[in-house]
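1. heads up, no residue letters with this:
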DNA sequence: AGTCTTAGTCAATAGCTCTGACAAAGCCTT
DNA sequence: AAGGCTTTGTCAGAGCTATTGACTAAGACT
């Protein structure tokens, strides 16, 4: 903020402030606008000032990762139905990563082992145990859910973090490529070429999530009995 | 290969060779070992020689992305059962990305619109249509499957592309964190703390894939009748 | 043979991460 | 209150990066 002036006073920079400003920078300028020199200048300090608080850029990225997890998990509470808990965790993760795509793209595949991360792990495992999974099977199902949430949210964030111009041209190219597709070479694409361009991201996500939820429910020793999730299991007459 | 010597002869570099050498470099040295200067030197040429064949690094990355898709799709053929086709596509994608993690991490979220990509899209849509989905719903389900394959394979690749030392310490830290977890603070983690460290990556993937396959089958107007996938749908007596 | 395009080379710019030396700010002790 | 110590902000710089423009020679074409 304060652009030039003299030397900053001693307590001027704190790790918390630096992480906050990093997020602000990443949100407004994208991944390219995020470098330690730029960050220092944005804080009104020397380009190398951040190194007094974080040993390396990677260190800072880890702190950013933890901030994102904290943001995603603020106020998270287990639901009565374990599938509801799973849905909530995955949706929150996605929402946070979509809100900070550049930051998420940088940090989504890092683990921090800080309290926020531990707490969400505990909540997810709680849901899995509630479903009746036990021991190694419970561990496996937890990892499946957690890794899916991370992979999906991270993937969408990575897309959203691309240069907007490039994103635009990518989308446009798909539309063009679909509509002009050769009927004999790609008959199936041709068949739904008009529908392909307009598929909404939220719908895609909900489709995958619904499929996974339904699949988990089938496998669970104690599937939930709530009305919302019961519809999926259709039994033969 | 040829380290120094004089000026290279005229046809010495081709886009194909450059992509091949890029993959080799990425596989052996990781993302950090991949820069255009290094690539040029690895080819026995000038550090800037690659710019005669690719307009930018991004251009080269797109070519690498296409090479990966080609590799993943070599010999791919639709299966009799549409769920089998879906499984095959997702598994191949993952296998290729795991074999080239650094290259995949660079390129997995880019689309190339080249024939290899179009062909796999057509095959997936064919499977979705075979399942009885139509119009906008077919487009939605195709996107769900395709995006999932990309997100998952890309995510695992991104993890695998991290500095191996860092990967190791990450895994070790989790093991330690799990085993030493506070029983009252994180009761669910505590309950399966011994199982958590040993969950195999392949198992996690197969669990998620199985859940999605089962969920898709439930939604499909024409679920497959083959023995392999029938087990999931348990009807009431 | 002579011309033209172009692939490979070279030099240079601007930016990056990160390091080591330096200086001032504020704490702590006496 | 004075002196000393640690810390934190600053500065200069090494070595890397992507990319550009000028130069040069190799080979295709007339």
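-> Here it is on my side, so go on. Please read all numbers here as calculations on a predicted model, not as lab measurements.
2. so for residue A:112, what's the pLDDT?
-> At residue A:112, the predicted lDDT confidence score is 89.
3. check which helix or strand it maps to.
-> Residue A:112 is part of no helix or strand, with elements assigned from DSSP states H and E.
4. and what of the one 4 residues further on?
-> When secondary structure is defined by DSSP H and E, residue A:116 falls within helix A:115-130.
5. show me what that helix packs onto, helices and strands only.
-> When contacts are defined as 3 or more CB pairs under 8 Å, 6 or more residues apart in numbering or on different chains; DSSP states H and E, helix A:115-130 packs onto helix A:57-73, helix A:82-99, helix A:135-160, helix B:187-191. Where C-beta positions appear, they are placed from N, C-alpha and C, glycine not excepted.
6. close to DNA strand C: what parts of chain A are there?
-> Chain A comes close to DNA strand C at residues A:7, A:9-11, A:35-38, A:47-48, A:51, A:55-58, as judged by CB under 7 Å from any atom of the strand.
7. which of those lies closest to residue A:111?
-> Taking CB to CB as the measure, residue A:111 lies nearest residue A:58 of the residues of chain A next to DNA strand C, at 12.9 Å.
8. for burial, what's the neighbour tally of the closest one?
-> 14 (other CB atoms under 10 Å in any protein chain shown).
9. tell me the spacing between it and residue B:150.
-> 26 Å (CB to CB, to the nearest Å).
10. for chain A, what helix or strand is lowest in average pLDDT?
-> helix A:227-230 (a mean of 80; mean pLDDT, DSSP states H and E).
11. what's that helix packed up against?
-> Using 3+ CB pairs under 8 Å, 6+ apart: helix A:227-230 touches helix A:82-99, helix A:201-219.
12. the spatially most central residue of chain A and DNA strand C, how far apart?
-> Central residue of chain A (CA atoms, centre = their mean): residue A:153, 3.0 Å from the mean position. Going from residue A:153 to DNA strand C by CB to the nearest atom of the strand, to the nearest Å gives 24 Å.
13. not counting sequence-adjacent ones, nearest residue to that residue?
-> residue A:97 (4.0 Å; CB to CB, 6 or more residues apart in numbering or on different chains).
14. does the one you found touch residue A:104 like I think?
-> Yes: between residue A:97 and residue A:104 there is a contact at 3.8 Å, judged by CB atoms under 8 Å.
15. need the overlap of contacts for the two.
-> A:68, A:153, A:154, A:157 (CB atoms under 8 Å, 6 or more residues apart in numbering or on different chains).
16. okay, the second one: pLDDT?
-> We note a pLDDT of 98 for residue A:153 in this prediction.
17. so what's it up against?
-> A:90, A:93, A:94, A:96, A:97, A:98, A:104, A:108.
18. test my guess that the second one contacts residue A:151.
-> What it means is residue A:93. No: here residue A:93 lies out of contact with residue A:151, judged by CB under 8 Å, at a distance of 10.4 Å.
19. re the thing from before, got a markdown table for the helices and strands packed on helix A:227-230, with mean pLDDT and mean neighbour count too?
-> A markdown table is the format used below for the helices and strands packed on helix A:227-230 (pLDDT from 0 to 100; neighbours: other CB atoms under 10 Å in any protein chain shown):
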| stretch | mean pLDDT | mean neighbour count |
| --- | --- | --- |
| helix A:82-99 | 97 | 21 |
| helix A:201-219 | 96 | 21 |
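20. now tabulate those helices in TSV and tack on distance to DNA strand D.
-> What follows is those, written out as TSV (distance: least, CB to the nearest atom of the strand, whole Å):
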stretch	distance to DNA strand D
helix A:82-99	26
helix A:201-219	28
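21. okay, those helices in JSON lines with distance to residue B:72 next?
-> Formatted as JSON lines, the helices and strands packed on helix A:227-230 follow (distance: least, CB to CB, whole Å):
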{"stretch": "helix A:82-99", "distance to residue B:72": "26"}
{"stretch": "helix A:201-219", "distance to residue B:72": "20"}
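22. so which of those helices comes closest to residue A:166?
-> helix A:201-219 (16.9 Å).
23. angle of that closest one against helix A:82-99?
-> On the basis of axes from the mean of the first three to the mean of the last three CA atoms, to 10 degrees, helix A:201-219 is oriented at 150 degrees to helix A:82-99.
24. now the angle from helix A:201-219 to helix A:115-130?
-> 50 degrees.
25. contact partners of helix A:201-219?
-> So helix A:201-219 is contacted by A:83, A:86-87, A:90-91, A:94, A:131, A:141, A:145, A:148, A:152, A:156, A:223-224, A:229, A:232-233, B:140-141, B:143-144, B:147-148, B:208, B:210-216, B:218-219, B:232-234 (CB under 8 Å, 6+ apart).
26. now swap in stretch A:181-194 and tell me
-> Residues from elsewhere that reach stretch A:181-194 (CB under 8 Å, 6+ apart): A:178-179, A:196, B:118-119, B:121-123, B:125-126, B:129, B:135-136, B:138-139, B:142.
27. and those, which is closest to DNA strand C?
-> Closest to DNA strand C out of the contacts of stretch A:181-194 is residue B:118 (27.3 Å), distances taken as CB to the nearest atom of the strand.
28. how much space between the closest one and residue A:193?
-> In terms of CB to CB, residue B:118 sits 12 Å off from residue A:193.
29. interface residues of chain A facing DNA strand D?
-> A:7-13, A:40, A:45-46, A:48-49, A:51-53.
30. okay, and which of those residues map to strands?
-> Residues of these located in strands (DSSP state E): none.
31. which of those are buried?
-> Listed as buried from the residues of chain A next to DNA strand D are A:13, A:40, A:45, A:49, A:53; burial here means 16 or more other CB atoms under 10 Å in any protein chain shown.
32. so which of these sit within helices?
-> residue A:40 (DSSP state H).
33. between the buried ones among the residues of chain A next to DNA strand D, which sits nearest chain B?
-> Checking these against chain B with CB to the nearest CB, the nearest one is residue A:53 at 20.7 Å.
34. neighbours of the closest residue to that closest one other than its chain neighbours, just the number please.
-> Excluding the flanking residues, the one nearest residue A:53 by CB to CB, 6+ apart is residue A:15, at 5.1 Å. Using other CB under 10 Å, residue A:15 has 13 neighbouring residues.
35. next up, phi/psi of residue A:15, please.
-> phi -50, psi -40 (degrees, to the nearest 10).
36. let me know the pLDDT of it.
-> We have a pLDDT of 97 for residue A:15.
37. OK, contacts around it?
-> Residue A:15 touches A:53, A:54, A:63, counting by CB under 8 Å, 6+ apart.
38. would you turn those into JSON lines with pLDDT?
-> JSON lines is the format used below for those (pLDDT from 0 to 100):
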{"residue": "A:53", "pLDDT": "98"}
{"residue": "A:54", "pLDDT": "98"}
{"residue": "A:63", "pLDDT": "96"}
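39. which one of those is nearest DNA strand D?
-> residue A:53 (6.2 Å).
40. from memory the closest one sits against residue A:18, does it?
-> Yes: with contact defined as CB under 8 Å, residue A:53 counts as touching residue A:18 (5.8 Å).
41. please report the distance of residue A:23 from DNA strand D.
-> In terms of CB to the nearest atom of the strand, residue A:23 sits 19 Å off from DNA strand D.
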